[in-house]
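[1] this is the structure alone, sequence omitted:
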């Protein structure tokens, strides 16, 4: 019960400032919105062959990719807020409280997921006037998978921040060099198939766990629950979440005030 109470306390502490300054939440949605507004209209009539994208409007396979792109935009920068707390001394004051350190991380990660889901729902609502077809069950499953993926990315971001405590530029350098290349290699903009991509690029995409999350999201939002790609996506997202939470909790427990 103490862990649950501490998690709730950490969650409320992190969510409060975000609700008081909602402009920052909209700013993290800028990149996906730009792609939706400026890139998606060019896809009219485009349906990449062999990409497992389903049928119908290109919005059906483009929007799930944008939601996956939203995950690091909304959660990967979470470590930056932790770095700010370290600089101001707020993090050290948290460490000397009786709050469970694992609960501190989980509460922070849950806050990031709530924000991610709110932003994803806003995007889906704004797309209702388009020819994007929203399948409620598929959307719920897709958002659940997105939440698991977001937990992993957020926890890894916190872990990176903890290890960059004495050299904060390291955090931003590693984030730019790893997160965004992994996303671009996952096919968030266009499905990377063996027929459409060079062999070396296709091979890199297949060893990228984010690729399977993107493919699973596209299948779920299209109502194709029985595809093996959904299973692979769930396994990939779960593995990222477990790795991130494990590394994050370990880093929090080793952190010193």
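    Arrived safely. Please read all numbers here as calculations on a predicted model, not as lab measurements. Residues are numbered from 1 along each chain as shown.
[2] three-state assignment of residue 128?
    coil (DSSP: H, G, I helix; E, B strand; the rest coil).
[3] not counting its neighbours along the chain, what's nearest it?
    Distances taken as Cβ to Cβ, 6 or more residues apart in numbering put residue 134 closest to residue 128, at 6.7 Å, once the chain neighbours are dropped. (Each C-beta comes from the backbone N, C-alpha and C, glycine too.)
[4] again with residue 245
    Closest residue to residue 245 apart from its sequence neighbours, by Cβ to Cβ, 6+ apart: residue 155 at 4.8 Å.
[5] what about that neighbour, helix or strand, and which?
    Using DSSP states H and E, residue 155 sits in helix 136-163.
[6] counting contacts, what elements does that helix pack onto?
    helix 59-75, helix 78-88, helix 101-126, helix 168-184, helix 209-221, helix 228-254 (3 or more Cβ pairs under 8 Å, 6 or more residues apart in numbering; DSSP states H and E).
[7] residues touching the shortest one, excluding its own?
    By Cβ atoms under 8 Å, 6 or more residues apart in numbering, the surrounding residues in contact with helix 78-88 are 91-92, 94, 108-109, 112, 154, 157-162, 164-165, 168, 171-172, 175.
[8] pLDDT of that helix, averaged?
    The predicted model gives helix 78-88 an average pLDDT of 81.
[9] tell me the angle the helix holding residue 155 makes with helix 228-254.
    Interaxial angle, helix 136-163 versus helix 228-254 (axes from the mean of the first three to the mean of the last three Cα atoms, to 10 degrees): 30 degrees.
[10] re earlier: for the residue nearest to residue 128, the count of nearby residues, please.
    A count of nearby residues for residue 134, using other Cβ atoms under 10 Å, gives 13.
[11] same thing with residue 43?
    Around residue 43 there are 16 residues (other Cβ under 10 Å).
[12] over to residue 235?
    Residue 235 has 14 nearby residues by other Cβ under 10 Å.
[13] surely it meets residue 212?
    Yes: applying Cβ atoms under 8 Å as the test, residue 235 and residue 212 come out as touching, 7.4 Å apart.
[14] how about the contacts made by the residue nearest the centre of the chain?
    Centroid-nearest residue in the chain: residue 71, 2.2 Å away (criterion: Cα atoms, centre = their mean). When contacts are counted by Cβ under 8 Å, 6+ apart, residue 71 touches 116, 146, 149, 150, 153.
[15] quick check: closest non-adjacent residue to it.
    Excluding the flanking residues, the one nearest residue 71 by Cβ to Cβ, 6+ apart is residue 150, at 4.7 Å.
[16] my read: the residue nearest to residue 245 touches residue 241, true?
    Yes: here residue 155 reaches residue 241: they are 7.2 Å apart, a contact under Cβ under 8 Å.
[17] which of the two has more residues huddled nearby?
    Applying other Cβ under 10 Å to residue 155 and residue 241 shows that residue 155 carries more neighbours, namely 30 against 21.
[18] ok, now how distant is that one from residue 21?
    Computed as Cβ to Cβ, to the nearest Å, the residue 155 to residue 21 distance reads 23 Å.
[19] can you tell me the SS state at residue 223?
    Following three-state DSSP, residue 223 is assigned to coil.
[20] wouldn't it be in contact with residue 135 here?
    Yes: at 4.7 Å, residue 223 counts as touching residue 135 under the criterion of Cβ under 8 Å.
[21] isn't residue 215 right next to residue 233, touching?
    Yes: between residue 215 and residue 233 there is a contact at 6.0 Å, judged by Cβ under 8 Å.
[22] what about stretch 143-160, average pLDDT?
    The average of the pLDDT scores along stretch 143-160 is 91.
[23] ugh, wrong one, stretch 215-225
    pLDDT averaged over stretch 215-225 gives 92.
[24] the worst-scoring helix or strand of the chain on mean pLDDT: what's the following helix or strand?
    For the chain, counting by mean pLDDT, DSSP states H and E, helix 23-27 ranks last in confidence among helices and strands (a mean of 66). Following helix 23-27 in sequence order, the next helix or strand is helix 30-34 (DSSP H and E).
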